[in-house]
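[1] here is my input; please provide its structure:
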Amino acid sequence: LLQVSAQQSNCDHIGLLLARQVRLADMGLAGQVAMCGDTVGEGLRNFIKFFTLQNSAATVSLFTSGGFSRFVYSIVEPRMTDTGQLQLGAMTVMFNILQDLCGHAWLPVVVMFASRAPSNLRPCQKFFGVPMRLDSDESAVIFESHWLDRPLPLVAPLKRQQIEAERLPLARKVTE
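    Numbers count the residues shown, from 1 in each chain. So this is what the prediction gives:
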């Protein structure tokens, strides 16, 4: 659908345009459990654990090494072809998720895309505001690891109980 939309609209950055308003709160249970973490790192790990409940065609991962972290999006559905718009949209959402967890002062070091560049890079450059690497081996947002230690705002106790009640039955399903 994204590929057809890009062709019909003659807009090869439509993935960015459609995803730029998607925030952590829009990510269902995965987003809710992320907000219940004590730190950004715990929130991201919670998000990653529950992401598969919403998306079986892709995975998200977090890797940390040498003072930097990579929040990686990988398409695992082998029949998907020409995933450029999906990669662009996914990286836009991942950027927003990290910004929601870290705050508006957060900026990554670089955003990488496992796809070719849109013909007009300006909308992407304007949105991300950091260097971008296209045609990379993976799609990832790379940022300084110290952000993982940042405390998250407390979630109201009643809201936390509601999220826990929803999370517990699904937690077994995620670990199976």
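[2] let me see the ranges of the strands in this protein.
    58-65, 68-75, 110-112, 132-133, 139-144 (DSSP state E).
[3] could you dump the ones you listed into TSV with distance to Arg23 added?
    To be clear about C-beta, it is placed using only N, CA and C from the backbone, and glycine gets the same treatment. Formatted as TSV, the strands of the chain follow (distance: least, CB to CB, whole Å):
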stretch	distance to Arg23
strand 58-65	16
strand 68-75	15
strand 110-112	17
strand 132-133	21
strand 139-144	15
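[4] CSV for these, including mean pLDDT?
    Below are the strands of the chain laid out as CSV (pLDDT from 0 to 100):
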stretch, mean pLDDT
strand 58-65, 94
strand 68-75, 94
strand 110-112, 96
strand 132-133, 94
strand 139-144, 97
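[5] nearest to Glu166, out of those?
    Taking CB to CB, strand 58-65 is the member of these nearest to Glu166, at 19.8 Å.
[6] which elements pack onto that closest one?
    helix 40-51, strand 68-75 (3 or more CB pairs under 8 Å, 6 or more residues apart in numbering; DSSP states H and E).
[7] in the last one, which residues are buried?
    Neighbour counts over strand 68-75 (16 or more other CB atoms under 10 Å) mark Ser69, Arg70, Phe71, Val72, Tyr73, Ile75 as buried.
[8] check stretch 145-152 too.
    Per 16+ other CB under 10 Å, stretch 145-152 contains these buried residues: Trp147, Leu148, Leu152.
[9] name all residues that make contact with the last one.
    If I follow you right, that is Leu152. Residues counted as contacts of Leu152 (CB atoms under 8 Å, 6 or more residues apart in numbering) are Met35, Gly37, Asp38, Thr39, Val40, Glu42, Gly43, Leu101.
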